[in-house]
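1. Okay, sequence plus prediction incoming.
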Amino acid sequence: MKKIAIVTDTDASLPAALAAKFNIRQVPITIHFGDEVLESEIDITDKALFERIEKDGYLPTTAAPSPGKFAEAYQAAFEEDGADAIICLVVSGEVSATYDSALIAANELMPDRDITVVDTLSLTMGQGFQVLAAAEAAAAGASIEEAIKQAKRVGENTHLFAALSTLKFLAMSGRVGNIAAGMAAMLNIKPILTIRNGTLDMLEKVRTRKKAWARAIELAKEAAGSKQIQRMSIVHVDAHEYAEEFEALLRASMECPEEIIVTGLTAGLSVHSGPGFVGVAFVSGE
C-alpha cells in the first residue's frame, strides 16, 4: 500500500493545527507590496494585512506560489514524511494560476515522482474540506483514485454563504467602482457571496449586517435541506467577535455539528474582501 501525502495551498483556509493533525503541507500564496514579497500565513496574517493596507494606502497584489515552492513541498513530503505518492489539491484555476504552478512542479521539476495535481474548482473551506477528505481517505488506506474521488464528492456537496462587511477593498482593487462602493456604504449594503463556477460570486445584496447574517443563515438552511451536515466551518477576516456572534446565531437556527471549524480566510483571498467578512461553509450528506 502506497503512503500518500497531501499538499495544498494557503487559499484552502485550513487552520495550521488542523493541517498538522493530518500532516498536510500548505504552500503559501504570496502577497506583493511593491517589490516586497510576503508569504500568506508565514509572513503576514489577515490582521497584519489590513494594518499594512491602512498604513500604505493601497492594496497589494497576490500571486500563485512558484513551481519551485511546490517542488520544495513535494520533496519534503517524500524525504521527511516518507511518502510514496502525493495528491496536491489546489485553489480553483478560475481565480489563480496556482494549479499551473503545482502542475509544472510535478511534471517538469519532478517528472519521475508519483504526483497528482487536482484543481478543486473551489476556494477557502470549499477547498479545505476537499483537502481534509483526501487526507482522511489516504490515512484510511484508500488508493490515489479513491482519495481523489472522495475529495470531489465532498466538493460537490459543499456550500458557502458569506456576508461582506464593506465594498471598500473591492473598490480599491478596481472590481467595483468607487461611486458604487460609496453608495453601498451610505445605504449600508452588505453583499451575500457564494462559491459559483470556481469563484466567490455575489448572490444577493442585503441592507445591514444583521439582515445579511440572517439571510446567509437562511440560505445555508435551504441548501442543507433535510440532509445531515457532515462538516461545518465559519470563515472570517480579522473578525473573531463577529465569528462568535455568527456561530451563536447559526446554532440557534439550524442543526450544526458539535465541532465547527473557525478559521481565517487568509491573505491571498481576504485582500479583496476586506475585514469583517463572515460566512459559513459546510458539507451536506448525499
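-> Right, received. Where do you want to start? Please read all numbers here as calculations on a predicted model, not as lab measurements.

2. from here on, contacts and neighbour counts on C-alpha atoms
-> OK.

3. so where do the strands sit in the stretch 1-150 of the chain?
-> 4-9, 25-27, 30-33, 36-39, 61-63, 85-90, 115-119 (DSSP state E, counting those that start in this stretch).

4. Taking strand 85-90 as reference, get the angle to the first one.
-> Spelled out, that is strand 4-9. 20 degrees (axes from the mean of the first three to the mean of the last three C-alpha atoms, to 10 degrees).

5. So which bits of strand 4-9 are buried?
-> Ile4, Ala5, Ile6, Val7, Thr8, Asp9 (16 or more other C-alpha atoms under 10 Å).

6. Could you do the fifth one as well?
-> The neighbour-count check on strand 61-63 (16+ other C-alpha under 10 Å) flags Thr62, Ala63 as buried.

7. what does the third one give?
-> Of all the residues in strand 30-33, those buried under the rule 16+ other C-alpha under 10 Å are Thr30, Ile31, Phe33.

8. and those residues as CSV, adding pLDDT and distance to Ile260?
-> Listed next are those as CSV, based on pLDDT from 0 to 100; distance: C-alpha to C-alpha, whole Å:
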residue, pLDDT, distance to Ile260
Thr30, 97, 28
Ile31, 96, 28
Phe33, 94, 34
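
9. Out of these, which is nearest to Ala76?
-> Thr30 (19.8 Å; C-alpha to C-alpha).

10. Now that closest one. Nearest residue, chain neighbours left out?
-> Leaving aside its sequence neighbours, Thr30 sits nearest to Glu39 (C-alpha to C-alpha, 6 or more residues apart in numbering; 4.6 Å).

11. Quick one: the helices in the chain, in order.
-> Remark: helices assigned in the chain by DSSP state H are 16-21, 46-56, 67-79, 98-104, 125-139, 144-156, 168-172, 178-186, 209-224, 240-253, 267-273.

12. gap between Lys190 and Ile144?
-> When distance is defined by C-alpha to C-alpha, to the nearest Å, Lys190 is 42 Å away from Ile144.

13. same thing with Asn107?
-> 17 Å.

14. ok, these two, which is more surrounded?
-> Per other C-alpha atoms under 10 Å, whichever of Asn107 and Ile144 has more neighbours is Ile144, with 22 against 15.

15. and Trp213, what is it in contact with?
-> For Trp213, the contact set (C-alpha atoms under 8 Å, 6 or more residues apart in numbering) comprises Ala162, Ala163, Phe246.

16. can you list those in a markdown table and add pLDDT, distance to Leu49 and neighbour count?
-> Compiled in a markdown table, the contacts of Trp213 are given as follows (pLDDT from 0 to 100; distance: C-alpha to C-alpha, whole Å; neighbours: other C-alpha atoms under 10 Å):
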| residue | pLDDT | distance to Leu49 | neighbour count |
| --- | --- | --- | --- |
| Ala162 | 93 | 20 | 29 |
| Ala163 | 91 | 20 | 31 |
| Phe246 | 97 | 23 | 21 |
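
17. Let me have those in TSV, extended by distance to Ile148.
-> Putting the contacts of Trp213 into TSV (distance: C-alpha to C-alpha, whole Å) gives the following:
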residue	distance to Ile148
Ala162	27
Ala163	31
Phe246	32
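
18. Among those residues, find me the one that's closest to Thr208.
-> The closest of those, once distances to Thr208 are taken by C-alpha to C-alpha, is Ala163, at 10.1 Å.

19. The residue nearest to Leu49 when sequence neighbours are not counted: how many residues sit nearby?
-> Once flanking residues are discounted, Leu49 sits nearest to Ala267: 6.8 Å by C-alpha to C-alpha, 6+ apart. Ala267 has 30 neighbours, counted by other C-alpha under 10 Å.

20. Distance check, the spatially most central residue of the chain against Gly141.
-> Central residue of the chain (C-alpha atoms, centre = their mean): Thr124, 1.2 Å from the mean position. Distance from Thr124 to Gly141, counting by C-alpha to C-alpha: 26 Å.

21. With His32 instead?
-> In terms of C-alpha to C-alpha, His32 sits 40 Å off from Gly141.

22. hang on, the earlier thing: and the residue nearest to the centre of the chain, what pLDDT?
-> pLDDT, Thr124: 95.
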